[in-house]
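>>> Provided below are the primary sequence and the corresponding predicted coordinates.
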Amino acid sequence: MEEEINYSSVVFKNSHPPLAGGEAAARSRLFCVSAVCLGILCVLLMGAISGIVYISVVMNEQRANLSRKSAENQQLIMQMSILENNTEELRRDRDNLNWTLGVILNFNTFPVNERCPDKKCQPCLKDWIQFEENCYLFQDPNANWKTWQNSRGYCQDKNADLVVIDSLQEQEFISNHTKSYSGIYHGYWIGLQETDEHNWLWVDGRNDTLQYWLMEKLNKHGQCVLMIPGRNVTASWDPAPCIMENIFICETKVLIRSD
């Protein structure tokens with residue numbers, strides 16, 4: 001007996017209905033627009049990255065230039081500082097040379113051998129003591145004592161004059177280099193003298209403003225002034241007769257000035 005074979009059909013059903021023609025076209029356009037936008041975004045992104053890289057390179061170059069300029073400026077500032085120091089040193093040398101020339105011009109005949117032994121000039125002569133820009137000679141008590149006028153003449157022969165005291169510091173310096181001799185009435189003649197108008201005038205023509213007078217008078221009043229050693233620094237001057245014989249203090253400018 002022949003067997004019967006039955007065949008069955010399997011049908012697959014699409015759950016989504018086919019797109020209409022207009023909808024498919026719309027989706028196709030949307031895809032194209034999206035693709036174009038994505039492409040544009042990629043181009044913009046690449047442009048931004050390129051711009052950032054370029055800006056970074058430029059900024060690095062500018063920083064390098066600034067660093068180089070800063071180093072150049074520092075070097076220029078250093079060179080200017082050195083130039084200013086050299087200029088200041090030259091100015092001091094010029095001023096000191098002008099000072100020396102001014103001192104030399106006060107001599108009728110400059111004693112080269114005495115002031116510049118072995119061709120090397122000294123600020124002060126032998127036995128003179130320097131204080132600031134002046135040289136001082138404190139006459140030895142064992143030497144001949146002199147009247148005020150003769151004392152001044154001795155100083156002038158040395159191209160100097162009796163000391164003119166300008167400040168407390170100078171007064172202190174002089175006081176520290178004087179010493180008592182032959183009793184309390186003797187001292188050192190200084191360049192201060194009373195005028196006929198009863199004003200006290202220094203030998204350089206200036207009026208006295210310090211007035212370091214003794215509280216008591218030791219000598220008979222005179223028109224010339226002694227500095228009495230061993231007294232208070234601001235109270236050591238005594239007016240005495242100009243014909244009285246004492247030792248004295250000479251003063252002159254240093255020949256060589258140093259800063």
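That came through fine.
>>> average pLDDT across stretch 210-217?
Throughout stretch 210-217, pLDDT has a mean value of 93.
>>> ok, stretch 30-49 next?
Stretch 30-49 carries an average pLDDT of 81.
>>> for it, report the contacting residues that lie outside it.
Residues outside stretch 30-49 that contact it (C-beta atoms under 8 Å, 6 or more residues apart in numbering): none. The C-beta positions use only the backbone N, C-alpha and C, and glycine is treated the same way.
>>> let me see the ranges of the helices in the protein.
21-104, 112-115, 148-157, 168-176 (DSSP state H).
>>> now the longest one: how far from the chain's centre is it?
Its chain's C-alpha centre lies 37 Å from the corresponding centre of helix 21-104 when counted by C-alpha atoms, centre = their mean, to the nearest Å.
>>> residue 230 and residue 172, how far apart?
14 Å (C-beta to C-beta, to the nearest Å).
>>> before we move on, back to that, dump the helices of the chain into CSV; add mean neighbour count and distance to residue 220 as well.
Below are those laid out as CSV (neighbours: other C-beta atoms under 10 Å; distance: least, C-beta to C-beta, whole Å):
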stretch, mean neighbour count, distance to residue 220
helix 21-104, 10, 39
helix 112-115, 12, 39
helix 148-157, 18, 14
helix 168-176, 16, 24
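>>> kindly reformat the ones you listed as CSV containing distance to residue 242.
Output for the helices of the chain, formatted as CSV (distance: least, C-beta to C-beta, whole Å):
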stretch, distance to residue 242
helix 21-104, 29
helix 112-115, 30
helix 148-157, 4
helix 168-176, 20
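>>> can you say which of the ones you listed is nearest to residue 241?
When the helices of the chain are compared by C-beta to C-beta, helix 148-157 sits nearest residue 241, at 8.7 Å.
>>> elements contacting the closest one?
For helix 148-157, the packing partners by 3 or more C-beta pairs under 8 Å, 6 or more residues apart in numbering; DSSP states H and E come out as strand 161-162, strand 188-194, strand 247-253.
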